[in-house]
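1. the amino acid sequence is not available; the structure is as follows:
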């Protein structure tokens, strides 16, 4: 049997990257918006945490999300391996990066890896102490906190300066990865042309900056709070 | 001397009915039989590419050869300005007859009437075909095709795709060829160079080719061979032809019995970037379409000329009243749009008089100041942007601010293998199309007509006429390449190559080529005389001797070796140059691109001698270092009666 | 115009054939005018190397004699010339081919590194010459309008909006040189393929078999071992004809729409 185009064709594979990427971008956006609530009101934030606890819809969404991440990573690695092979064995002795080519666009796998590492840290910090605890049927996490008290967890995590640093580096990687990724997903799925290319790039930039600023805001605000 | 070999096969009857009558009279081959017949096509430019595709579509087995890594590199790609057709889309009273008449007149009445008329007739089909293939011609806002005017015509009949018309037409033909290759109708042999024609029982049977990537010498057999390898402008070393373009394939046919017509008719293109130094290897053409809006001039005063040469003044510093727009002055009716030969000679005349504007004194200005004032920079950029960019990249001068400098350069060769109305040479089964034949442009080709001829021959003439010959071959078996004729041809080639390597002299191939180029440009160039031509014949013969004694070809044959490629081509070219000089010497008149100093009017225009030279000079090879024999095909003008070309009023 | 002659050091990739291992050789060229084109400079060097080859004494190098490089029209249109010069396809200037590069872009005393296109789909044949037949094969798979010669409608029977024709022409300007593939870190041919697909997709004549064309050409491109496009845009930056990656988006659209219809 012929394999479907999302496996067999380069354009199809890129479409999978773009679709799974789009899914992750939406998740990031939602997550960032949710986080900002914590700055405004701890109760409101905890109410959201409760809604997104161990409910069936939250679990399904989590699984889908995990699936999206795995697909994105696997395809990313696969594509990179293919691309290295297509480059040939002999490498250029001298190579200049042409102007207009962003460093991030050529290093999406590296950036993606940094993002993934950050994600693991983040899962240990938060998910393992919240949704996972609930799934296991327990009512208190390793820090002795209620798994639905996200606000307290945030407060605890970002009182540590090294966590703040790790998260800010992570956000920088996310910014670079998404900044190329967002317009790229339009491009790869064919929703682009010469006129829209610069517009989509600006959109990409604005969106990424907004999302990353929202994330960073929470971290910085809670760190400063912990100092005073 | 009349000869039974030079039968033009032009049918009787009125001019406008000849092609239809001929098509009705010639034989066709049935689809079942076409499958059994093999055709070799040499070259993949507009002629060869179109012919291979069209013949493949018809059902013949086609093998197509090109020397580049891809058929798309053929030099037709470099044609910039456009392609003529008698569509009369502009309602300016154009017609097939007018295109025919302009072409005959532009060719200074040295082309065969029936061929030229047929060319004009099928010109319209070409545009239709190209549009159907997806060639993005320039269009008006209403969505219909746009036209521009061109030298030698008073109507706008030139279709164009920016300054890349040749490229777009070639990509159209190349696409048709790709389709045919993809379908298995045509087999493509890139990086293969034809080194000899194989003739058996007086008929073309195939070729010997060298695989340029490996150096292998290979044999290919076929029922007919089509030469579409272009012209021989590289005889001059410096020309606007591509570095690899060469007249070798056609010349090999000449040596195998195909007669060569009008070799002295070479076209010097008026708008090229001037030579900058003695290490140059290629001249760059700027499209003739620039003359639509550009005005050509030199300073009136010698002190301004000196000031410009020394850098004390810039061209834009010279006031209007001190500029000599010499084409507008001499030819009020056509102005800057006179035919190429006229424009080239006028530039030479000014430079010879000492008014040349660069350090070498061999350049004139082509100025867009008036056009930019009239139309605005944007319009000029839209029309010629890529040409202006090209000029700036090469010369480092911005033509939007300062006028371009131009000078004539060798561009096209009207002469070529003699062919009859069927495009068949004097060797049965051997055909020549496009620039490789002599048939349509007489002594001078009009701008935007080369593309027209290549595609006309390839798409709409040869696919019909070749059937007339092949219909006699339907019983013939596959051509075997294990015959004494192939054996002998291959052996001769191998010996020639071994001999070249064995010389181990002290000069490179290019050094000999440059010497030949110098002789050709000085003595067989824009202005020739009995004396210069006789001198050239002696010098070329000497050069040939020196070459065979003193050339150094590095490396070996069994590898990718660009030096041996060049050496093999130069071997032919060293003989071809002499043939050109002989032909020029024979033609005691001036016509079109052939300007003999002894034959000019008091105003310095060409002086034709219709009484004695209204014929095609056709040369028969008689052996190495033997004087070739000249035969005549008399030209009869039933419709377009020769008159002195007049572009003044 | 200043006309100071230049002396340069050239590091040139030498490789006997596809199977052999290659390496750099260093050469000196002297007295080069800034108005000389890059390829003329190579001609000058090669001429010198041929003379040195003629005298085998004192020339003890792995690869003797002139080096091979592809070139033809020297007007920037045939697409034959290639060369990766100082880390850039077609050298340090924008929207030109190597044959249009002039020595005024370099300084006296510069060292210039010249490499062939490097991509798995473009094997080196010799020295700086690569085999680009893969491009022909992609076009043979579908880069055409399936019309036979003759029997087509009048050229003006289908009006085409001027802007569409112009955009089609932008894409059709591709010269098939391979700079996009050479520059792309993924060895992807998407800019080349998209230029052809897009050019024809913009015209009514080409639309008819647009879906079939996009599928066939992408399939052939993948089969021949070109990489996947990751939108770095290096191709459009190095394209001598300035072809935009907007055409790649159109190819993606054509291809995906065609596949979803299947």
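-> On my side now, so go ahead. Keep in mind it's a predicted model, so treat the numbers as computed, not measured.

2. my guess is residue B:105 meets residue B:640, correct?
-> Yes: using Cβ atoms under 8 Å, residue B:105 is in contact with residue B:640, at 6.9 Å. Quick note: C-beta positions are derived from backbone N, CA and C, even for glycine.

3. what does residue B:284 show for phi and psi?
-> Dihedral angles phi and psi of residue B:284 (degrees, to the nearest 10) take the values phi -110, psi 130.

4. name the nearest residue to it, sequence neighbours excluded.
-> Excluding its sequence neighbours, the residue lying closest to residue B:284 (Cβ to Cβ, 6 or more residues apart in numbering or on different chains) is residue B:273, at 4.6 Å.

5. contacting residues around the one you found?
-> Residues in contact with residue B:273 (Cβ atoms under 8 Å, 6 or more residues apart in numbering or on different chains) are B:283, B:284, B:285, B:286, B:391, B:394, B:395, B:404, B:405, B:406, B:407.

6. and which of those is nearest to chain C?
-> residue B:284 (5.4 Å; Cβ to the nearest Cβ).

7. tally of neighbours for the closest one?
-> Using other Cβ atoms under 10 Å in any protein chain shown, residue B:284 has 23 other residues around it.

8. give the contact list for residue B:159.
-> B:82, B:83, B:84, B:85, B:87, B:127, B:137, B:138, B:145, B:146, B:147, B:165.

9. residue contacts, the residue of the stretch 101-250 of chain B found nearest chain A?
-> Nearest to chain A in the stretch 101-250 of chain B, going by Cβ to the nearest Cβ, is residue B:136, at a distance of 15.9 Å. By Cβ under 8 Å, 6+ apart, residue B:136 lies in contact with B:161, B:168, C:165, C:166, C:168, C:169, C:172, C:199, C:202, C:203.

10. JSON lines for the residues you listed, including distance to residue B:350, pLDDT and neighbour count?
-> Listed next are these as JSON lines, based on distance: Cβ to Cβ, whole Å; pLDDT from 0 to 100; neighbours: other Cβ atoms under 10 Å in any protein chain shown:
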{"residue": "B:161", "distance to residue B:350": "33", "pLDDT": "93", "neighbour count": "27"}
{"residue": "B:168", "distance to residue B:350": "35", "pLDDT": "97", "neighbour count": "28"}
{"residue": "C:165", "distance to residue B:350": "40", "pLDDT": "97", "neighbour count": "24"}
{"residue": "C:166", "distance to residue B:350": "38", "pLDDT": "95", "neighbour count": "16"}
{"residue": "C:168", "distance to residue B:350": "42", "pLDDT": "97", "neighbour count": "24"}
{"residue": "C:169", "distance to residue B:350": "37", "pLDDT": "97", "neighbour count": "21"}
{"residue": "C:172", "distance to residue B:350": "39", "pLDDT": "97", "neighbour count": "27"}
{"residue": "C:199", "distance to residue B:350": "43", "pLDDT": "98", "neighbour count": "27"}
{"residue": "C:202", "distance to residue B:350": "46", "pLDDT": "97", "neighbour count": "26"}
{"residue": "C:203", "distance to residue B:350": "45", "pLDDT": "98", "neighbour count": "24"}
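
11. what is the strand or helix carrying residue B:131 packed up against?
-> Here residue B:131, judged by DSSP states H and E, is contained in helix B:113-133. With contacts taken as 3 or more Cβ pairs under 8 Å, 6 or more residues apart in numbering or on different chains; DSSP states H and E, helix B:113-133 sits against helix B:18-25, strand B:83-84, helix B:96-106, helix B:165-182, helix B:450-455, helix C:204-207.

12. who wins for proximity to residue B:209 among those?
-> When those are compared by Cβ to Cβ, helix B:165-182 sits nearest residue B:209, at 17.6 Å.

13. now do the closest one: which elements does it pack against?
-> Helix B:165-182 sits against helix B:46-58, helix B:113-133, strand B:186-189, helix B:450-455, helix C:133-142, helix C:162-172, with contacts defined as 3+ Cβ pairs under 8 Å, 6+ apart.

14. same for the fifth one, what does it pack against?
-> Pointing back at helix C:133-142 there. Using 3+ Cβ pairs under 8 Å, 6+ apart, helix C:133-142 is in contact with helix B:165-182, helix C:190-201, helix C:210-223.

15. so what touches it?
-> Identification of contacts with helix C:133-142 by Cβ under 8 Å, 6+ apart yields B:69-72, B:174-175, B:178-179, B:181-182, B:188, B:190, C:121-122, C:176, C:178, C:189, C:192-193, C:196, C:209, C:212-217, C:219-221, C:224-226.

16. confirm that the residue of the stretch 101-250 of chain B closest to chain A sits in a helix.
-> No: according to DSSP: H, G, I helix; E, B strand; the rest coil, the state of residue B:136 is coil, so it is not within a helix.

17. what sits against residue C:241?
-> So, once contact is read as Cβ under 8 Å, 6+ apart, residue C:241 ends up touching C:95, C:173, C:174, C:175.

18. about what we covered before: can you lay out the contacts of residue B:159 as a markdown table showing distance to residue B:590?
-> Output for the contacts of residue B:159, formatted as a markdown table (distance: Cβ to Cβ, whole Å):
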| residue | distance to residue B:590 |
| --- | --- |
| B:82 | 28 |
| B:83 | 29 |
| B:84 | 25 |
| B:85 | 30 |
| B:87 | 34 |
| B:127 | 35 |
| B:137 | 37 |
| B:138 | 37 |
| B:145 | 38 |
| B:146 | 37 |
| B:147 | 32 |
| B:165 | 31 |
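
19. whichever of these end up buried, select them in ChimeraX.
-> The buried subset of the contacts of residue B:159, as determined by 16 or more other Cβ atoms under 10 Å in any protein chain shown, is captured in ChimeraX by this line:
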select /B:82,83,84,85,87,127,137,138,145,146,147,165
